[in-house]
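J.: Give me coordinates for this.
(one chain, ligands or ions: 1)
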Amino acid sequence: MSEGGVRPRPEGLIIAVDGPSGAGKSTITRLLSQRLGYLYIDTGAMYRAVALAVRRAGVSPDDDAALVAVCRGVEISFVRTNGCCQVLLNGEDVSAAIRTPEISMLTSRISARMVVRDVMVRLQRELGKNGGVILEGRDIGTVVFPDADLKFFLSASVDERGRRRYLELKGKGEDVLLERTIAEVAQRDEQDSRREHAPLRRADDAVDIDSTGLSIEEVVALMEGIIKEKLAASH
Ligand code: DC
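T.: Alright, predicted model coming up:
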């Protein structure tokens, strides 16, 4: 291991960004990946795509055998177009279909099943193993890449996260209520943190970033500075 604890990887660092929903992980991680020229992997989108496939197959989220069959039958990929990442499920662009409140709730349920996590974690390790990658999710620094070169835990107050999600859904023309959206974010936090397998947990060696009251640009600049320091320490 070289100075600063960074192992040489063929294509750059492995950076983990974990935290609860609505903390700004997707927007911030996407911007960081563009600035660094790194691959961006939205692991939440992978679980969401599986949830959509489960819904379409009419399978119960509690039926492990059926869940395994669905997982094995899906091909999930990402395409970058004009700086925006599309999520493909068996070649179909499902970027919008996976972001409805119904699919969010179903995703929270199926992502608690070990059989689903096994398949996804294996895929995520394969995608990130060469480095030059920034992955965001709930268990990247604790389970998927416990030896990641740099780990962030990105959070914000539940009210602020609920408000951001509300504005995002409203902007897409969804019929939503602020109070209800905040309650749903709190409910998903609860489900994601209390589940038996790979619960949302801050890795002991993660850098804490609280985005409450900060602009996206401020958070990106803060994290980029920390990444640059790590890169400098590795040379
Ligand atoms: O980040 P997101 O809101 O798109 O994630 C959707 C759901 O997937 C959320 O309920 C938590 C779950 N998830 C997970 O269990 N593990 C991950 N690495 C990423 C997301």
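J.: quick one: residue 173 is in a helix?
T.: No - secondary structure assignment places residue 173 outside any helix; it is coil (DSSP: H, G, I helix; E, B strand; the rest coil).
J.: backbone phi and psi for it, please?
T.: In this entry, residue 173 is assigned phi and psi values of phi 80, psi 10 (degrees, to the nearest 10).
J.: That one - how many residues pack around it?
T.: Residues contacting residue 173 under the criterion other Cβ atoms under 10 Å number 7. From N, CA and C alone the C-beta is placed, and that goes for glycine too.
J.: Same question for residue 146.
T.: Residue 146 is flanked by 13 other residues according to other Cβ under 10 Å.
J.: Identify the residues contacting the closest residue in space to it that isn't next to it in sequence.
T.: With Cβ to Cβ, 6 or more residues apart in numbering as the measure, residue 203 is the residue that lies nearest to residue 146, at 7.3 Å, once sequence neighbours are left out. Residues near residue 203 by Cβ atoms under 8 Å, 6 or more residues apart in numbering: 16, 18, 141-142, 146, 151, 153.
J.: Would you format the residues you listed as JSON lines with secondary structure included?
T.: Compiled in JSON lines, these are given as follows (three-state DSSP):
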{"residue": "16", "secondary structure": "strand"}
{"residue": "18", "secondary structure": "strand"}
{"residue": "141", "secondary structure": "helix"}
{"residue": "142", "secondary structure": "helix"}
{"residue": "146", "secondary structure": "coil"}
{"residue": "151", "secondary structure": "strand"}
{"residue": "153", "secondary structure": "strand"}
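J.: Tell me who's in contact with the residue most central in space within the chain.
T.: Taking Cα atoms, centre = their mean, the centroid of the chain lies closest to residue 137, which sits 2.8 Å from it. Taking Cβ under 8 Å, 6+ apart, we find residue 137 in contact with 17-18, 25, 42-44, 124, 144.
J.: Residue 133 too?
T.: If you count contacts by Cβ under 8 Å, 6+ apart, residue 133 has them with 11-15, 38-41, 127.
J.: about what we covered before: can you narrow the contacts of residue 137 down to the ones near the ligand?
T.: Restricting the contacts of residue 137 to those adjacent to the ligand (criterion: Cβ under 6 Å from any ligand atom) gives 43-44.
J.: quick one: which of the contacts of residue 137 is nearest the ligand?
T.: Looking at the contacts of residue 137 and their distance to the ligand, the nearest is residue 44, at 2.5 Å (Cβ to the nearest ligand atom).
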